[in-house]
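Asks: Here is the input, now give the coordinates:
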Amino acid sequence: MNPINLNPEKPELYFTYDFHRSFELDKVGKLLALNHENYVRISDHLSILLIKMLNYDGDLSLRIYEEGVENNELDSITTFESIGYFSPNNMNYDIKKNQSKDALFIKHNGASTGSWLSWDSVEEIRINYPEKKIILDASTSFPLFPIDFNIIDGLYFSSGHCFGMPDNTRYLLFKNSITTNIKESKIRNTTTMEHLWLFGKILEDFSNKGIDQIRRETTYKAAVIYHAIDSNPHLHNNVISDSRSVTTIGFKADKEIQNFLREHGYLVGKYAFQDLETLYVIANYPTYSKEQFEKLADHLALFKPLNSSL
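Replies: Alright, predicted model coming up:
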């Protein structure tokens, strides 16, 4: 049996994806023909599902981009001449420095750090820059983190990560007030149309289960893992409680941890930093069950390096 992949960048597929891909895709056939009418119809369906998930009453537009657009490369999908950046590790409130920027880009969750921004931090940026357009990158946290679209102007996310699609097609959901600053999206082949249809099925699954239920389960799973980490002297998480990510859980441990968890059926993400310390990261996405995380927590609680004297 293959181990469960908990790497935030290469997570397991959402558990209904294979069903939709294998048993339902053939039924739609000609509906996925690459043309403007079908593109608009399917993208409008996605927009309706996403807006419902956000519980937002205003009008929003959706743009879909080809694979390969990396986080923080907004210049490749917008026509903003200059952009100021904020992230969990770079909360620079230098108003003068950012006053000339056309827009502000906020990375909400740091998958490689295990930290995220509280919504209070996002609101503080809005207060400091009331005239700026604010785009939130929630690629590894949406829709598991409730977002108030009254505070931001655009939401940048991917179909991978939390949604459990096999690719990371990028999306930008935005208020019509910034429409003129967004480049037109491009679609290249029928694979993209298949992707849109399949993503719509995943969104329908999320909607049917209920986003509030999914968020409660995510919070519970995070609490179980953090408790195991905090209870084991051989595991360390230095992120303050208010900034701990719920979707990408980071911790430091002896390198033996990877083989230990692999033997028990789990693969974790690994990030090396300039200080030579290694951070291991667990993806807490909806495709993973509470039972899987409860078993993982039991193993984490028991981990002890062979050379430890504790």
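Asks: The nearest residue to residue 87 once chain neighbours are set aside: how many residues sit nearby?
Replies: The shortest distance from residue 87 to any non-neighbouring residue, by CB to CB, 6 or more residues apart in numbering, is to residue 107 (4.0 Å). C-betas here are computed from N, CA, C, even on glycine. Residues within reach of residue 107, counting by other CB atoms under 10 Å, total 23.
Asks: Let me know the helix or strand that residue 233 is in.
Replies: Here residue 233 sits in a region with no helix or strand, counting by DSSP states H and E.
Asks: Please apply the same query to residue 295.
Replies: In the assignment (DSSP H and E), residue 295 maps to helix 290-302.
Asks: Quick check: pLDDT value at the residue nearest to residue 87.
Replies: At residue 107, the model reports a pLDDT of 88.
Asks: can I assume it is in contact with residue 83?
Replies: No: contact status for residue 107 versus residue 83: not in contact, 11.8 Å apart, counting by CB atoms under 8 Å.
Asks: how near is the residue nearest to residue 87 to residue 141?
Replies: Computed with CB to CB, to the nearest Å, the distance linking residue 107 and residue 141 is 10 Å.
Asks: now do residue 39
Replies: Remark: distance between residue 39 and residue 141 (CB to CB) = 27 Å.
Asks: Between the two, tell me which one has more neighbours.
Replies: Neighbours per residue (other CB under 10 Å) separate residue 39 from residue 141, with residue 141 holding more: 25 against 17.
Asks: so who does residue 219 touch?
Replies: The neighbourhood of residue 219, defined by CB atoms under 8 Å, 6 or more residues apart in numbering, consists of residue 246.
Asks: from here on, count from 38
Replies: From this message on, residue numbering opens at 38, which makes the last subject residue 256.
Asks: what about residue 172, which SS state?
Replies: Using DSSP: H, G, I helix; E, B strand; the rest coil, the structure places residue 172 in strand.
Asks: what's the pLDDT at the closest residue to it other than its chain neighbours?
Replies: Among residues not flanking residue 172 along the chain, residue 191 sits closest, at 3.9 Å (CB to CB, 6+ apart). pLDDT recorded at residue 191 is 92.
Asks: Can you get me a residue count around residue 160?
Replies: 13.
Asks: and it, how far is that from residue 336?
Replies: Per CB to CB, residue 160 is found 38 Å from residue 336.
Asks: follow-up on the earlier one: so what touches the helix holding residue 332?
Replies: With CB under 8 Å, 6+ apart as the test, helix 327-339 has contacts from 41, 43, 254, 257-258, 261-262, 264-266, 268-269, 272, 297-298, 301, 303, 319, 321.
Asks: are any of those residues buried, and which?
Replies: The neighbour count (16 or more other CB atoms under 10 Å) marks 41, 43, 254, 258, 261-262, 265-266, 269, 272, 297-298, 301, 303, 319, 321 as buried among the contacts of helix 327-339.
Asks: Sort out for me which of those are in helices.
Replies: Within the buried ones among the contacts of helix 327-339, residues falling in helices by DSSP state H are 254, 258, 261, 262, 265, 266, 297, 298.
Asks: what separates the helix holding residue 332 from the chain centre, distance-wise?
Replies: Offset of helix 327-339 from its chain centre (CA atoms, centre = their mean, to the nearest Å): 22 Å.
Asks: can you give me the mean pLDDT across it?
Replies: Averaging pLDDT along helix 327-339 yields 97.
Asks: quick one: buried residues of it?
Replies: For helix 327-339, the neighbour count (16+ other CB under 10 Å) marks 329, 330, 333, 334, 336, 337 as buried.
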